[in-house]
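1. Coordinates for the following, if possible.
(one chain, ligands or ions: 2)
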Amino acid sequence: MTNVLVVGSGAREVAIARKISQSNLEKSLFCVAPDINPQILNLCKDYMTSSLDRVDEIVGYALLKKISFVFVGPENPLAFGLVNKLAEVGIPSVGPKKEVAMIESSKAFARTIIDSCDKDKNPQRKEFTSTDSVVDFIEELGGNYVIKNDGLMGGKGVKISGEHLMSIDEGLRYATEIVENGGSFLIEEKLVGEEFSLMSFCDGLTCKHMPIVQDHKRAFEGDVGPNTGGMGTYSFSDHTLPFLEKNDVLEAQKTNELVAKELFKKTGTPFVGILYGGFMLTKNGVKVIEYNARFGDPEAMNVLSILKTDFLSLCLAIIGGSLSGMDVKFENLSTVCKYAVPSGYPDSPKKGFLVGCDITDENLYLASVKLDGGALLAGGSRTAAYIGKEKNIVEAERACEAGVKKISGDLFHRKDVGTNALINSRVKRMKRILG
Ligand code: AMP
Ligand code: GLY
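-> Ligands and ions are numbered 1, 2, ... in the order given. The predicted structure follows:
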């Protein structure tokens, strides 16, 4: 009997818990999270509500429930060292220790690791702890720059010139704000191209790659508005994207492999978990935008919903260091996933209103919700995701749109995610950029 503890209660963790529960192996599921997600609750033998920074409480719970391994969904507990504390009492995790989870929690560390193993994938950049010489560096970059708060910001700490920062003064103001809050930041060259995500299962030595997914970080249709945790994602049945050549995919795969190796070399700690490379294809080739130390959300829904290999066996191979002997297979289906989010998201989201949906629908993934008696209330962050999974992208988008529309409440979603119109415009844009 394998007792699996899932940490977190968002849509990504629904995807993880659901896939583990579908395994042929004998298992029991447990969950610890600040809120009760009714879809996860229905799959669990036991569920503890706890803030995820209470590391000792979570470790105590894992010992009490004789947990075989822990699957850590979100980034914060990885950065706090939950995996380190679990390892001290002999409980393994799918999720890296904090010394290597830094690939996500520090953008400066990530850039240093890439410099050591695959330098060409880095944009020009400089680290700052004060606003001294900020203007000089912005001018050196020709005014095309990105400012990144160097901490865990839930995808919301990045501001881009020409989009969020309309003048050097505005850039300087954002830099000042970060410094005044005690933070540090990076200024990077603004890369121009199409983004794609490549996630790899990683046991410390071997990486097994997942299908490529494209996320939509901007809040509103037409890729405008503030950055979010991700409004929607799609993947193609051939596991690549129409604007990528085979070699671009191979390069991204190679980079994930090099980064996993370099992390071990630099820290002596193997990266065990999900390594998520965020890439951009530019006129100068494939570049790294960021690394995450966990499944993407919503990307987890795209890949796990088409994973053919038994997921619990795969998790056991990740913690057992035997991934090289595992045949990891995905169905040849296209997927489109869209988030319904509260009005005002991400800057001033409404919350506490009633959300209506069929929680038994296997294509629905509840995220930021609160249970109030029998009622489901919006928690304020992304509310629920819906996935369409079909032979081709057009049908997958249609199925997704039909499902996401049915989620009721003071919500909105991006209708353009996964549509032919948007994908074709991206392919055309990429052709223009590549010349
Ligand atoms: P991150 O939190 O690093 O993923 O950044 C959020 C979003 O900002 C990315 O998905 C990109 O759209 C954008 N971004 C980050 N870094 C750069 C860069 N160097 N050039 C252009 N866009 C970037
Ligand atoms: N969807 C992007 C992320 O999970 O960081």
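2. Distance of residue 224 relative to residue 405?
-> Remark: distance between residue 224 and residue 405 (C-beta to C-beta, to the nearest Å) = 22 Å. The C-beta positions use only the backbone N, C-alpha and C, and glycine is treated the same way.
3. Give the residue from these two that has the larger number of neighbours.
-> The neighbour comparison of residue 224 against residue 405 (other C-beta atoms under 10 Å) goes to residue 405, with 13 against 9.
4. how near is the more buried one to residue 319?
-> 40 Å.
5. can you check residue 78 too?
-> Separation of residue 78 from residue 319 (C-beta to C-beta): 15 Å.
6. swap in residue 153?
-> Look at residue 153 and residue 319: by C-beta to C-beta, they are 29 Å apart.
7. Then residue 65?
-> Distance from residue 65 to residue 319, by C-beta to C-beta: 17 Å.
8. between the two, who's got more neighbours?
-> Higher neighbour count among residue 65 and residue 319: residue 319, with 21 against 16, using other C-beta under 10 Å.
9. Thought residue 95 was touching the more buried one, still the case?
-> No. With contacts defined as C-beta atoms under 8 Å, residue 319 does not count as touching residue 95, sitting 9.7 Å away.
10. Can you check which residues contact both of the two?
-> Taking C-beta atoms under 8 Å, 6 or more residues apart in numbering as the criterion, residue 319 and residue 95 both touch residue 272.
11. near ligand 1, which residues of the stretch 151-300 of the chain?
-> Applying C-beta under 6 Å from any ligand atom, we find that the stretch 151-300 of the chain lies next to ligand 1 at 155, 158, 160, 188, 190-191, 195, 217, 227, 278, 289-290.
12. could you redo the last one with a cut-off of 5 Å?
-> When proximity is defined by C-beta under 5 Å from any ligand atom, the stretch 151-300 of the chain lies next to ligand 1 at 155, 158, 188, 190-191, 217, 289-290.
13. Can you tell me which of those residues are buried?
-> Those of those that meet the buried threshold are 155, 158, 188, 190-191, 217, 289-290, by 16 or more other C-beta atoms under 10 Å.
14. so where do the strands sit in the stretch 301-435 of the chain?
-> All strands of the stretch 301-435 of the chain, identified by DSSP state E, counting those that start in this stretch, fall at 334-342, 364-366, 369-372, 375-378, 384-390, 411-412.
15. So what touches the fourth one?
-> Surrounding strand 375-378, the residues in contact under the criterion C-beta under 8 Å, 6+ apart are 38, 342, 349-357, 359, 366, 368-371, 409-411.
16. now do the last one
-> Outside of strand 411-412, the residues that reach it under the criterion C-beta under 8 Å, 6+ apart are 340-343, 345, 355, 378, 383.
17. So in that sheet, which strands flank it, and in what orientation?
-> Strand 411-412 pairs in its sheet with strand 334-342 (antiparallel), by DSSP bridges.
18. Let's see the strand it pairs with as CSV, backbone CA atoms only.
-> Provided in CSV are the C-alpha atoms of strand 334-342 (Å, rounded to 0.1, in the frame of the first residue of the first chain):
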residue,chain,number,x,y,z
SER,A,334,-4.7,18.1,-28.5
THR,A,335,-5.6,19.9,-25.3
VAL,A,336,-7.0,23.3,-24.5
CYS,A,337,-7.3,24.5,-20.9
LYS,A,338,-8.9,27.8,-19.8
TYR,A,339,-9.2,29.4,-16.4
ALA,A,340,-12.4,31.2,-15.2
VAL,A,341,-11.2,33.9,-12.9
PRO,A,342,-13.0,36.5,-10.8
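19. Quick one: check that strand for contact with ligand 2.
-> No. Contact of strand 334-342 with ligand 2 (C-beta under 5 Å from any ligand atom) is absent, the minimum separation being 9.7 Å.
20. Now a PyMOL select for only the buried ones of the contacts of strand 375-378.
-> Of the contacts of strand 375-378, the buried ones can be selected in PyMOL as follows, counting by 16+ other C-beta under 10 Å:
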select buried, resi 38+342+349+351+355+357+359+366+368+369+370+409+410+411
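21. So for stretch 206-223, mean pLDDT?
-> Mean per-residue pLDDT for stretch 206-223: 96.
22. which parts of that stretch are buried?
-> The neighbour-count check on stretch 206-223 (16+ other C-beta under 10 Å) flags 206-219, 221, 223 as buried.
23. count of neighbours near residue 79?
-> Using other C-beta under 10 Å, residue 79 is surrounded by 18 other residues.
24. Now do the strands in the stretch 51-200 of the chain.
-> Remark: strands assigned in the stretch 51-200 of the chain by DSSP E, counting those that start in this stretch are 69-72, 93-94, 125-128, 145-149, 158-160, 185-189, 193-203.
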